[in-house]
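# just to be clear, the model below is a prediction. Sequence and coordinates:
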Amino acid sequence: MYAAVRGIPRGRVATYGEVARLVGVPRGARAVGWALRALSTEQEKRVPWHRVVGAGGRISLRGGVGPLLQRRRLRAEGVVFRDGQVDLGRHGLRR
């Protein structure tokens, strides 16, 4: 699963569901979220977790600075937000 996330190009995003389908678990979106939350600090440097978003381009709600950091990292890669969500038509993996 981490290899699939590493395969998301800079400036693009995939949804949790898309990542799950890529690894052969079509209904495994929630498991993708759990796996990304379980990344160690060292793993976070190698796995671009910030390129995975919720359905419709939503930044997932969770405590701490995660959502703010994710938005910052995506914007730094040129990702555009529309009405608070990633513009999947422009930045989605399958555009």
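Arrived safely, thanks for sending.
# hey, where'd the strands end up in this structure?
All strands of the chain, identified by DSSP state E, fall at 14-15, 52-53, 81-82, 85-86.
# same list (those) but as CSV, adding mean neighbour count and mean pLDDT.
Bear in mind the C-beta positions are built from the backbone N, C-alpha and C, glycine included. Below are the strands of the chain laid out as CSV (neighbours: other C-beta atoms under 10 Å; pLDDT from 0 to 100):
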stretch, mean neighbour count, mean pLDDT
strand 14-15, 23, 97
strand 52-53, 24, 97
strand 81-82, 12, 94
strand 85-86, 20, 95
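# mind putting those strands in JSON lines, distance to residue 62 included?
Formatted as JSON lines, the strands of the chain follow (distance: least, C-beta to C-beta, whole Å):
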{"stretch": "strand 14-15", "distance to residue 62": "16"}
{"stretch": "strand 52-53", "distance to residue 62": "12"}
{"stretch": "strand 81-82", "distance to residue 62": "18"}
{"stretch": "strand 85-86", "distance to residue 62": "16"}
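# correct me if wrong: residue 8 contacts residue 52.
Yes. Contact criterion C-beta atoms under 8 Å: residue 8 and residue 52 qualify, at 7.3 Å.
# who touches both of those two?
Common neighbours of residue 8 and residue 52, using C-beta atoms under 8 Å, 6 or more residues apart in numbering, are residue 14.
# tell me which of the strands of the chain lies nearest to residue 44.
strand 52-53 (12.4 Å; C-beta to C-beta).
# which helices and strands does that closest one pack with?
strand 14-15, helix 16-22 (3 or more C-beta pairs under 8 Å, 6 or more residues apart in numbering; DSSP states H and E).
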